[in-house]
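Asker: Predicted coordinates and the sequence they were generated for:
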Amino acid sequence: MNTATSASAPVPGPSTFTRAPKGKACLSCRRRKMKCDCVRPVCGQCVRFNRERDCEYTDGDQRSRTEILEEQIAQLQARIHTLESTAEPAMQPVSIPSVAPRGAFLDSPNDFSIDFARASGAPQFTDIGHNQDALVEAFLTYSEDLAFFLNVHRFVNYVQVELASSQDFTHDPLLNATFLWGSVLSNEHYNEPLYLSRVLQYLPKAYEERPLNCLHILQTEILLANYFFYAGKFVEARKHLSSAVSIVLTYKMHKIRSAHDCLSRMLELTDLESSLPHSSDSIEEGEKIYGFWWVYILDKSWSTALNVESLLVEDGSPATRIEVPWPLAPELLQSGQFSDDYRGSRTIQRFLNEPILHSIPAVLSTHALRAQATALLDRAKWLSSTCSADPALLNIHQHAFNMLDSQIEDFILSLPTLDILRIYSPPQTRSLVTTHMVARMAIMQLHIAFADSEVTAAVKCLSASKAIIAAFKVLYLDHPELPGDFTLHAEPFVLILLTASARIMIIEDNKYIQQRALWQNMALCASTGYMRTVLKELIEQMAKVNAKSRLTVMQVRKANDSRMEPFHFLTPVPSH
């Protein structure tokens, strides 16, 4: 929209605003109860706050766009009311594709109306007039927790252009995935089925477009995977995560900025465009790097939680080797200046086989630290699954075990300590807290197989469990008094980390009761009574993490039932 004003009506500064005559202010200023200078076509307030597309006037002969839409909504509501009143009583509503039972998310009394309108073929205006800006804002507040890797400034500009253009934005899978998470984070759960159905409807069509907007599709798949994890729908989540893995491998995003010659020596047997177009600038290249590492983090983390094989596999061949460098700090990406030596070379393998630096390089991002902690967790999972009683293999395994144990401890010591995390921004703090928790979970994953027979392993598991709780409490520093309806928004995997901590404490407490705890006669820093108090508080706090999430309900139930269940480490309860 052209925001220029005429020479006779310059855009006023903050000190020159005068209140408009009654009824003359634009609709945007009226809604926000702001002073309007009535400058046409766009008032000064709307220019200042970048809301040019919302600036409309209702005086004069022409009706505003908002008035036209309101009239359309009224007509549709009347039509729906007529259809409802004439429908047979036994008629069942057509269900909207959903990730949960209707009772789990659909608390709105208007569910039937939305379903019936969809069944009757009526145009969908259920979100007309709804403030999509508010949904985007709610999403962006926690976007870094939800594996959002696109450049925020460019994404916001994209959203503004799409929303201002026409109603075609309802066909955009990425925007609808954003609105879906915005509905979750703003507690407007009645909108979730609508936005979810749109994403699932239009995402397959996005794959057919040319040129293919690969990064937007990848981002949408990641957001959907995280949403289904949030909803406790693990099959659907893995399906979309598998699509994300397919994208990064097909387009060789694990080879971006590799230090090695990646030219294929194979016969070219298909016309598959197996490489991304060259990045337009370093910001776009940074998006690709961040995008790959988020796929890596989600795949390795949730494969551990679900006790399944990961989708990204390094089998030793050059084709599968991860060569992309660790993600840089965001400010370096924004500056657009990559040094020539910013390259990757056997990134994961070098990290796992070289000494941990005692101080973190300033150029590394908190995202890189999270990826490194995830690599340690994945390695611990693999190593603990290869235990063997064969004496010929025992010494080899013991050496690898001790090396990884030392590696994890050194990594934890290199992280910023919990008491200084307040100096970071809220997203960075949440990321570092989760990194601390993941590193402790790696310790538990490594030692859990020996916790029944070796006192050192049992103590390390219990200490790691307590450390997870200590790290998690950092998230509550800004909320010393939590009301009963308080919801702490966090990435879904945090629930798995808390479940791991709770289950270790429950297992060790049960051993103590049965007088089987190996540490029973050792001097501990805390009594079992204190441990039970901490456990009770932890389960209560777990219930406040993503409180509307089905995953939360499942994991809290799992923690509460663990005293009576056989021990099965980490795996979430199956969905019903």
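Answerer: Great, that's in hand. The shown structure was predicted, so the numbers you read here are calculated from the model rather than taken from an experiment.

Asker: contacts, neighbours, all on C-alpha from now
Answerer: OK.

Asker: could you give me the average pLDDT of stretch 537-556?
Answerer: Taken as a whole, stretch 537-556 has a mean pLDDT of 89.

Asker: Straight-line length of that stretch, end to end?
Answerer: Distance between the two ends of stretch 537-556: 12 Å, counting by Cα to Cα, to the nearest Å.

Asker: How about stretch 138-146?
Answerer: 12 Å.

Asker: counting contacts, what elements does the helix or strand harbouring Gln45 pack onto?
Answerer: Assessed by DSSP states H and E, Gln45 sits inside helix 44-48. For helix 44-48, the packing partners by 3 or more Cα pairs under 8 Å, 6 or more residues apart in numbering; DSSP states H and E come out as helix 27-32.

Asker: Which elements pack onto the helix it packs on?
Answerer: helix 44-48.

Asker: buried sites along the helix holding Gln45?
Answerer: 44-46 (16 or more other Cα atoms under 10 Å).

Asker: Pull the number of nearby residues for Glu537.
Answerer: A total of 12 residues lie near Glu537 under the criterion other Cα atoms under 10 Å.

Asker: Report the separation between it and Ser197.
Answerer: 37 Å.

Asker: Dump the helix holding Gln45 to PDB, keeping only the CA atoms.
Answerer: Taking C-alpha atoms only, helix 44-48 is exported to PDB below (Å, rounded to 0.1, in the frame of the first residue of the first chain):
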ATOM      1  CA  GLY A  44      -0.100   9.200  11.000                       C
ATOM      2  CA  GLN A  45      -0.700   6.700  13.800                       C
ATOM      3  CA  CYS A  46      -1.000   3.800  11.300                       C
ATOM      4  CA  VAL A  47       2.100   4.900   9.500                       C
ATOM      5  CA  ARG A  48       4.100   5.100  12.800                       C
END
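
Asker: Which stretches in the stretch 401-550 of the chain count as helices?
Answerer: Secondary structure of the stretch 401-550 of the chain (DSSP state H, counting those that start in this stretch): helices at 426-447, 455-473, 493-513, 528-542, 550-561.

Asker: weakest of those by average pLDDT?
Answerer: helix 528-542 (a mean of 82).

Asker: Who are the packing partners of it?
Answerer: Against helix 528-542 (3+ Cα pairs under 8 Å, 6+ apart) you get helix 493-513, helix 550-561.

Asker: how about 10 Å then?
Answerer: helix 455-473, helix 493-513, helix 550-561 (3 or more Cα pairs under 10 Å, 6 or more residues apart in numbering; DSSP states H and E).

Asker: In a markdown table: those helices, plus mean neighbour count.
Answerer: Output for those, formatted as a markdown table (neighbours: other Cα atoms under 10 Å):
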| stretch | mean neighbour count |
| --- | --- |
| helix 455-473 | 20 |
| helix 493-513 | 21 |
| helix 550-561 | 20 |
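
Asker: I'd like those helices as TSV, with distance to Leu432 appended.
Answerer: Formatted as TSV, those follow (distance: least, Cα to Cα, whole Å):
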stretch	distance to Leu432
helix 455-473	9
helix 493-513	12
helix 550-561	22
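
Asker: Of those helices, give the one that comes closest to Tyr342.
Answerer: Evaluated with Cα to Cα, the helices and strands packed on helix 528-542 place helix 493-513 nearest to Tyr342, the distance being 30.2 Å.

Asker: Can you get me a residue count around Phe450?
Answerer: Neighbours of Phe450 (other Cα under 10 Å): 15.

Asker: nearest spatial neighbour of it, skipping sequence neighbours?
Answerer: Of all residues not flanking Phe450 in the chain, Ala457 sits nearest, at 5.8 Å (Cα to Cα, 6 or more residues apart in numbering).
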